[in-house]
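Engineer: the following comprises the amino acid sequence and a computationally predicted model.
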Amino acid sequence: MAPVRGDGMRGLAVFISDIRNCKSKEAEVKRINKELANIRSKFKGDKTLDGYQKKKYVCKLLFIFLLGHDIDFGHMEAVNLLSSNKYSEKQIGYLFISVLVNTNSDLIRLIIQSIKNDLQSRNPVHVNLALQCIANIGSRDMAESFSNEIPKLLVSGDTMDVVKQSAALCLLRLFRSSPDIIPGGEWTSRIIHLLNDQHMGVVTAATSLIDALVKRNPEEYKGCVNLAVSRLSRIVTASYTDLQDYTYYFVPAPWLSVKLLRLLQNYNPVTEEPGVRARLNETLETILNKAQEPPKSKKVQHSNAKNAVLFEAINLIIHSDSEPNLLVRACNQLGQFLSNRETNLRYLALESMCHLATSEFSHEEVKKHQEVVILSMKMEKDVSVRQMAVDLLYAMCDRGNAEEIVQEMLNYLETADYSIREEMVLKVAILAEKYATDYTWYVDVILNLIRIAGDYVSEEVWYRVIQIVINREEVQGYAAKTVFEALQAPACHENMVKVGGYILGEFGNLIAGDSRSAPLVQFKLLHSKYHLCSPMTRALLLSTYIKFINLFPEIRTNIQEVFRQHSNLRSADAELQQRASEYLQLSIVASTDVLATVLEEMPSFPERESSILAVLKKKKPGRVPENEIRESKSPAPNALAQNNVIVNHKVNSNANADLLGLSTPPAGVNNTGGSGTLIDVLGDIYGNNNAATYNTKKFLFKNNGVLFENEMLQIGVKSEFRQNLGRLGLFYGNKTQIPLTNFMPVLQWSAEEALKLNVQMKPVDPTLEAGAQIQQLLTAECIEDYADAPTIEVNFRYNNVPQKFSIKLPLTLNKFFEPTEMNGESFFARWKNLGGEQQRAQKVFKAQQPLDLPGARNKLMGFGMQLLENVDPNPDNMVCAGIIHTQTQQVGCLLRLEPNKQAQMFRLTIRASKETVTREVCDLLSDQF
């Protein structure tokens with residue numbers, strides 16, 4: 001072992017050596033226990049321990065703690081070390097406290113008093129040790145205890161520079177945990193003027209602090225801009241010999257330069273004063289000029305420091321976006337980095353050019369580097385650089401180069417990494433739609449996408465091509481012909497079958513004149529893919545076949561045979577059986593005129609913004625350039641589009657985007673849905689308005705839908721329940737163009753109620769990006785019956801303005817019903833058994849609207865109980881049976897709803913084996929009919 005020098009604590013060195021030489025874990029534990037016993041005895045028995053010995057034993061305890069063992073003594077000895085005048089002893093005391101002392105410890109008051117004593121010391125080393133300890137603990141208690149001392153140390157003229165540095169960084173640490181620690185008023189000016197300090201270390205530390213303060217309150221600290229520009233100018237124009245102590249490999253104060261450049265990016269515009277703006281522009285030009293100079297050193301540290309300042313200067317130029325000359329120069333400088341040997345530089349250059357491409361001043365300059373960027377996309381070894389090259393191509397695309405860029409991206413897609421394929425597909429789809437001058441080209445691109453990367457083509461993409469084809473008559477024949485040819489490929493992706501089925505079902509007649517695409521050929525081609533598809537796609541194909549009967553009466557017999565085959569047990573899927581049976585009967589019973597009316601061509605979709613861009617932003621929040629599609633807007637196809645076999649219903653245009661895709665037709669439209677091929681599982685309401693939409697009662701009879709909606713936020717819910725357990729997914733959709741920050745849903749449910757219904761809620765990301773959607777999962781366990789339902793309080797900041805509203809969750813007691821089948825005899829026997837006063841509840845009430853018996857039956861079926869047919873002697877009466885599952889017991893419940901048509905009244909009777917359940921179920925239903 002190396003000899004111990006000076007104050008090296010030989011005993012500590014020997015102990016560490018012994019630990020390292022242990023052959024097993026057991027030997028190490030034995031040696032540690034022996035040492036702990038020795039230290040404990042020394043602390044308890046030896047009252048003559050000097051500072052050196054205390055320091056040595058405290059160091060050993062600290063080492064044992066760092067090995068992963070618990071330490072439950074020695075804290076007081078460490079606190080005693082703080083009062084020592086020796087640096088080494090005081091340092092070990094502070095180190096022990098920073099690592100081991102809990103902020104809730106009783107010792108914290110003694111520690112605070114010792115720290116205050118050191119802060120008043122004339123020895124700067126002691127003051128620095130105290131400041132470092134405060135920053136390491138960083139608790140709110142520390143912030144409150146030293147909220148006066150630390151700012152005074154920072155701005156006092158008597159404070160040494162080295163202490164000011166530590167005070168600034170300590171204050172920054174406390175500000176992050178307790179933002180209210182920084183005093184306002186005159187303190188603001190004094191903190192800002194630290195940027196003029198003679199000591200570069202103080203300026204560097206102060207810049208970090210001011211940057212954090214500006215982010216919280218930019219207006220109050222706006223005076224820092226002039227001083228920051230002035231200081232930056234002096235650094236950039238200085239020779240490396242002028243700032244020798246702060247020059248790093250011939251680059252003057254690179255860290256401070258970067259911090260100042262970042263500080264200035266908190267303001268846009270950076271400054272309104274012409275003189276300050278001219279000086280800033282001159283400084284930025286000087287940085288760009290220096291980047292062109294030959295390197296003063298071949299070492300990588302020199303180039304790293306130089307490039308760090310350069311890239312931050314370019315970020316400031318992009319942020320300001322007001323100086324065409326600087327933007328063009330920055331673009332040319334970045335273009336040189338695209339061929340650099342350093343992978344990191346190439347990546348950073350591509351990333352910065354993505355931002356430059358969105359500026360009107362530099363867009364054309366960025367396009368000059370298109371060939372190199374395409375080469376980067378294809379040839380780069382690092383997948384992150386290839387990804388960034390794709391992002392840049394997307395950002396630089398316009399009408400002049402769209403076809404070339406889209407074709408290059410399609411070519412690369414065949415060999416692209418799996419991790420970036422889905423994002424590439426979305427970007428190609430967006431560019432093809434935005435810059436399509438000829439929609440035949442757009443159709444070709446989307447079909448190529450499906451052929452090349454079908455697994456990565458989301459529903460939004462193929463929905464969109466269908467919308468555009470339906471809305472544009474001139475492309476319908478071409479689309480039908482192209483998709484027919486694509487379906488002839490031996491290996492055909494299922495998404496291609498979906499598009500083909502939909503388009504041929506609508507426009508197959510436009511190509512039926514050619515013998516190669518005769519009606520029977522179209523039908524056989526589609527049906528040859530049928531057995532390879534999922535049930536959802538098969539459902540769509542059955543809808544296509546019924547459309548064919550209207551378009552091509554000559555193949556009615558062939559199609560009816562298929563319907564017959566799938567309307568019996570050959571199809572294990574109940575939805576397909578039902579669909580095939582109904583389509584078969586429709587084709588047999590309906591006259592030609594009725595068929596032509598029911599199965600006529602789909603009307604054009606209403607104009608609405610494409611949802612593909614929102615999907616892309618959700619996948620890559622904050623990284624997608626603003627490149628919204630505005631030319632051809634239409635909504636996502638819904639169940640009506642797929643199942644347009646009962647009623648053709650043209651809907652009104654809606655200005656607001658339905659971010660969650662929850663819109664479905666009004667209740668008046670008879671919808672045969674069930675396959676869900678083109679309908680969101682959360683389908684609920686049709687159309688939005690700017691007023692808040694919120695009606696929890698409707699969720700008594702359904703599990704999925706839009707729970708709340710206003711002009712900023714849409715909240716959808718999807719839930720499932722089994723016995724006494726439930727699971728909810730809440731979908732928060734940001735309808736605005738700016739992120740919602742500090743986003744925090746909080747459960748409002750008392751501890752007393754939680755003993756009856758236990759609800760657990762997973763946290764969500766505090767930032768909800770513009771146009772994005774996040775999901776929050778909740779689990780519920782019904783322990784015993786309860787009244788009411790939990791509430792969530794949604795808090796967030798919109799445009800820095802606090803927003804808050806409360807919403808009841810659809811977690812009413814009926815969600816834990818299990819339907820129970822009964823015959824008439826069993827029902828009325830049970831009904832009589834539950835005849836006690838405590839076991840029944842009854843309400844008579846007027847119908848809220850004209851008596852709607854089918855609507856009432858539908859509501860009862862959705863309530864969770866079993867609607868029993870042919871049980872009550874009066875056919876108008878409705879009776880139900882169910883069991884409520886809780887953790888402690890099962891409660892049987894019977895229901896009888898008796899309508900009075902003449903009086904437009906209902907009588908509702910509930911009987912259950914528990915009084916509280918009887919009352920709650922009756923209250924839930926009494927105002928719903």
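Structural biologist: On my side now, so go ahead.
Engineer: helix/strand/coil for the residue nearest the centre of the chain?
Structural biologist: Nearest to the mean C-alpha position of the chain, by C-alpha atoms, centre = their mean, lies residue 774 at 4.5 Å. The three-state assignment at residue 774 reads strand, by DSSP: H, G, I helix; E, B strand; the rest coil.
Engineer: in contact with it, which residues?
Structural biologist: Under the criterion of C-beta atoms under 8 Å, 6 or more residues apart in numbering, the neighbours of residue 774 are 731-732, 764-765, 768. (C-beta placed from N, C-alpha, C; glycine too.)
Engineer: ok, now with 6 Å
Structural biologist: Residue 774 makes contact with 732, 764-765, 768 under the criterion C-beta atoms under 6 Å, 6 or more residues apart in numbering.
Engineer: columns distance to residue 408 and neighbour count on top of those, output as CSV?
Structural biologist: As requested, the contacts of residue 774 are arranged in CSV below (distance: C-beta to C-beta, whole Å; neighbours: other C-beta atoms under 10 Å):
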residue, distance to residue 408, neighbour count
732, 37, 24
764, 38, 16
765, 34, 12
768, 34, 24
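Engineer: which members of those residues are the farthest-apart pair?
Structural biologist: Farthest pair in those (C-beta to C-beta) is 732 and 765. Separation: 9.8 Å.
Engineer: can you give me the helices for the stretch 501-650 of the chain?
Structural biologist: Under the criterion DSSP state H, counting those that start in this stretch, helices of the stretch 501-650 of the chain are mapped to 519-530, 535-551, 556-566, 574-589, 592-598, 612-619, 639-642.
Engineer: next one: the stretch 351-500 of the chain
Structural biologist: Going by DSSP H, counting those that start in this stretch, the stretch 351-500 of the chain shows helices at 363-367, 370-379, 383-396, 402-413, 418-434, 439-453, 459-471, 473-487, 494-507.
Engineer: ok, the stretch 751-900 of the chain next?
Structural biologist: Under DSSP H, counting those that start in this stretch, the stretch 751-900 of the chain gives helices at 751-754, 824-833, 853-863.
Engineer: redo these as CSV? Include mean neighbour count, mean pLDDT and distance to residue 721.
Structural biologist: Shown next, in CSV, are these (neighbours: other C-beta atoms under 10 Å; pLDDT from 0 to 100; distance: least, C-beta to C-beta, whole Å):
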stretch, mean neighbour count, mean pLDDT, distance to residue 721
helix 751-754, 12, 87, 18
helix 824-833, 14, 85, 24
helix 853-863, 16, 86, 12
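Engineer: who wins for proximity to residue 364 among the ones you listed?
Structural biologist: When the helices of the stretch 751-900 of the chain are compared by C-beta to C-beta, helix 853-863 sits nearest residue 364, at 59.3 Å.
Engineer: restricting to C-alpha, output the closest one in CSV.
Structural biologist: Output of helix 853-863 as CSV, limited to C-alpha atoms (Å, rounded to 0.1, in the frame of the first residue of the first chain):
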residue,chain,number,x,y,z
LEU,A,853,-89.8,2.7,-25.1
PRO,A,854,-87.1,1.4,-27.5
GLY,A,855,-84.8,4.1,-26.2
ALA,A,856,-85.6,3.1,-22.6
ARG,A,857,-84.9,-0.6,-23.4
ASN,A,858,-81.5,0.4,-24.9
LYS,A,859,-80.6,2.4,-21.8
LEU,A,860,-81.4,-0.5,-19.5
MET,A,861,-79.3,-2.9,-21.6
GLY,A,862,-76.4,-0.5,-21.2
PHE,A,863,-76.9,0.0,-17.5
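Engineer: so which elements touch it?
Structural biologist: If contacts are counted by 3 or more C-beta pairs under 6 Å, 6 or more residues apart in numbering; DSSP states H and E, helix 853-863 sits against no helix or strand.
Engineer: repeat the analysis, applying 7 Å as the threshold.
Structural biologist: Applying 3 or more C-beta pairs under 7 Å, 6 or more residues apart in numbering; DSSP states H and E, we find helix 853-863 packed against strand 866-868, strand 878-885, strand 890-900.
Engineer: picking that back up, just the contacts of residue 774 now: which is nearest residue 508?
Structural biologist: Nearest to residue 508, judged by C-beta to C-beta, of the contacts of residue 774 is residue 732 at 41.7 Å.
Engineer: one step back: give me whichever of the helices of the stretch 351-500 of the chain is most buried.
Structural biologist: The highest average neighbour count among the helices of the stretch 351-500 of the chain, using mean count of other C-beta atoms under 10 Å, belongs to helix 494-507 at a mean of 25.
Engineer: neighbouring contacts of it?
Structural biologist: Residues outside helix 494-507 that contact it (C-beta atoms under 7 Å, 6 or more residues apart in numbering) are 450-451, 454, 457, 462, 465-466, 469-470, 476-477, 479-480, 483-484, 486-487, 522, 526, 529, 533-534, 537, 540-541, 543-544, 547-548, 601-602.
Engineer: tabulate the CA atom coordinates of that helix in PDB.
Structural biologist: The C-alpha trace of helix 494-507 is given here as PDB (Å, rounded to 0.1, in the frame of the first residue of the first chain):
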ATOM      1  CA  GLU A 494     -53.800  -6.000 -45.800                       C
ATOM      2  CA  ASN A 495     -53.900  -2.200 -45.800                       C
ATOM      3  CA  MET A 496     -53.900  -2.400 -49.600                       C
ATOM      4  CA  VAL A 497     -56.900  -4.800 -49.500                       C
ATOM      5  CA  LYS A 498     -58.700  -2.300 -47.300                       C
ATOM      6  CA  VAL A 499     -58.000   0.600 -49.700                       C
ATOM      7  CA  GLY A 500     -58.800  -1.600 -52.700                       C
ATOM      8  CA  GLY A 501     -62.100  -2.900 -51.100                       C
ATOM      9  CA  TYR A 502     -63.300   0.600 -50.300                       C
ATOM     10  CA  ILE A 503     -62.300   2.300 -53.600                       C
ATOM     11  CA  LEU A 504     -63.600  -0.600 -55.800                       C
ATOM     12  CA  GLY A 505     -66.800  -0.700 -53.800                       C
ATOM     13  CA  GLU A 506     -67.400   2.900 -54.600                       C
ATOM     14  CA  PHE A 507     -65.900   3.300 -58.100                       C
END
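Engineer: all set now, cheers.
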